[in-house]
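Trainee: My questions concern the predicted model and sequence given below.
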Amino acid sequence: MNRTEQVPVTVLTGFLGAGKTTLLNRILTEKHGYRYAVIVNEFGEEGIDNDLVVDADEEVFEMNNGCICCTVRGDLIRILSGLIKRAGQFDAIIVETTGLADPAPVIQTFFVDQDVAERTRLDAIVTVADAVHLNSQLAEHHEADEQIAFADVILLNKTDLAEAGDVEKVEARIRKSNPSARIIRTARCDAPLNEIIGLEAFSLERVMEFEPDFLESGHAHEHDNDVTSLSFTTDTPLDLEKFERWFGRLLQLHGQDILRSKGILDFAGQEQRYVFQGVHMLMDGSMMGAWPEGKPRSSRMVFIGRNLNSMELKEGFEACKIK
Ligand SMILES: Nc1nc2c(ncn2[C@@H]2O[C@H](COP(=O)(O)OP(=O)(O)OP(=O)(O)O)[C@@H](O)[C@H]2O)c(=O)[nH]1
């Protein structure tokens, strides 16, 4: 098949909370004239990410029942195969992996499945790196290192939160894992789109240089078993003050172990949905607009981390309900 008839695919990866969804939203809202099909994979059970992706014209396919790099790889192939059949209807495919994904099995999918291999081509692996947390993530999670190693482009993001001098140190550390990727320093992933999409940057030869058995090994992959996810939902509105007190204390006490937290919440007396985001101890929250019409209001939250105490978290969450 002619190379120009193959659908280009950009894989967005990066550790938990680095800014992948922020980047995706940027791509989807900027005026570029292209039509993208988007595949979003999420580790938590509650499918929050899908609601955090802006309402764009693009088609968004959710894969929530596991991590893209292991259990749901079959789903990825199925979605890609479906998209390929309608290839004329969009210009490119964007795949956002979970923050815990090893990108290798995802990349392999584009070479080992014959149909997918013939009809798509990897444009680039774009990795978002959190300038504040990357060093510790690299020390603790081999997935973080793989995400950096496989990148063609690295957005060294959250430079607004990093201490002066730290960005240079993180960049030097990145270079040890990946000497050749283009590194772009960003705040809220504010890189020009033409440096992210349509690059024709992916090179299997480069990958084979540092992983010679890349295509043969099957790249057996195991996640850190100590990282788990818990999610909670309720239809009862929550008390904003109680929630803030509980959550602030929780992150103070357990922020080392709670790698990621996020939720869409229904606070009593508030018209809009409230979205909160935590990455370790750093927390961010804001109103995110009206509740979708015709759908009941409810609160959903997800924790991803080590040593998560299910009972304690559940009790804390339940205690935030209005009486
Ligand atoms: N201050 C600051 N906050 C940022 C930046 N980029 C993203 N954020 C915030 O960081 C939080 C996590 O961003 P996301 O885009 O959801 O990160 P993600 O990589 O998609 O997270 P997961 O999918 O859960 O792994 C959100 O609250 C963002 O608004 C940045 O450059 N600076």
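Mentor: The structure has been received and is ready for your questions. Numbers count the residues shown, from 1 in each chain.

Trainee: in the one helix or strand Glu118 maps to, what's buried?
Mentor: Assigned by DSSP states H and E, Glu118 belongs to helix 114-119. Of the residues in helix 114-119, Val116, Arg119 count as buried by neighbour count, 16 or more other C-beta atoms under 10 Å. Every residue, glycine included, has its C-beta placed from N, CA and C.

Trainee: For that helix, output the C-alpha coordinates as PDB.
Mentor: What follows is helix 114-119, C-alpha atoms only, in PDB (Å, rounded to 0.1, in the frame of the first residue of the first chain):
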ATOM      1  CA  GLN A 114      -1.100  -7.200   9.600                       C
ATOM      2  CA  ASP A 115      -4.200  -5.200   8.800                       C
ATOM      3  CA  VAL A 116      -3.200  -2.400  11.100                       C
ATOM      4  CA  ALA A 117       0.400  -2.500   9.800                       C
ATOM      5  CA  GLU A 118      -0.700  -2.100   6.200                       C
ATOM      6  CA  ARG A 119      -3.200   0.600   6.700                       C
END
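
Trainee: for that helix, packing partners?
Mentor: helix 73-85, helix 103-112 (3 or more C-beta pairs under 8 Å, 6 or more residues apart in numbering; DSSP states H and E).

Trainee: Looking at the ones you listed, spot the one closest to the ligand.
Mentor: Relative to the ligand, the nearest member of those by C-beta to the nearest ligand atom is helix 103-112, separated by 13.4 Å.

Trainee: Now stretch 21-31: buried residues?
Mentor: Thr21, Thr22, Leu23, Leu24, Asn25, Arg26, Ile27, Leu28.

Trainee: SS state for the fifth one?
Mentor: Three states are possible here, and by DSSP: H, G, I helix; E, B strand; the rest coil the one that applies to Asn25 is helix.

Trainee: From Pro212, how far out is it?
Mentor: Separation of Asn25 from Pro212 (C-beta to C-beta, to the nearest Å): 37 Å.

Trainee: what does the stretch 1-150 of the chain have sitting close to the ligand?
Mentor: Where the stretch 1-150 of the chain comes near the ligand, counting by C-beta under 6 Å from any ligand atom, the residues are Gly14, Leu16, Gly17, Ala18, Gly19, Lys20, Thr21, Thr22, Asp49, Gly99, Val128.

Trainee: Which helix or strand contains the third one?
Mentor: Element membership for Gly17, per DSSP H and E: none, as it lies in no helix or strand.

Trainee: That one: how many residues sit nearby?
Mentor: 26 (other C-beta atoms under 10 Å).

Trainee: how many neighbours does the closest residue to it other than its chain neighbours have?
Mentor: Spatially, and ignoring its direct neighbours in sequence, Gly17 is nearest to Val279 (3.3 Å; C-beta to C-beta, 6 or more residues apart in numbering). Val279 has 25 neighbours, counted by other C-beta under 10 Å.

Trainee: just Glu312 next, same as before
Mentor: 11.

Trainee: quick one: average confidence on the host helix or strand of it?
Mentor: Element membership of Glu312 [criterion: DSSP H and E] is helix 310-318. Taken as a whole, helix 310-318 has a mean pLDDT of 94.

Trainee: So for that helix, what gets flagged as buried?
Mentor: Quick answer for helix 310-318 (16+ other C-beta under 10 Å): Leu313, Gly316, Phe317.

Trainee: which among these gets closest to Met301?
Mentor: For these, the closest approach to Met301 (C-beta to C-beta) belongs to Phe317, at 6.8 Å.

Trainee: And the residue of the stretch 151-300 of the chain closest to the ligand?
Mentor: For the stretch 151-300 of the chain, C-beta to the nearest ligand atom, closest residue to the ligand: Gln277, 3.2 Å.
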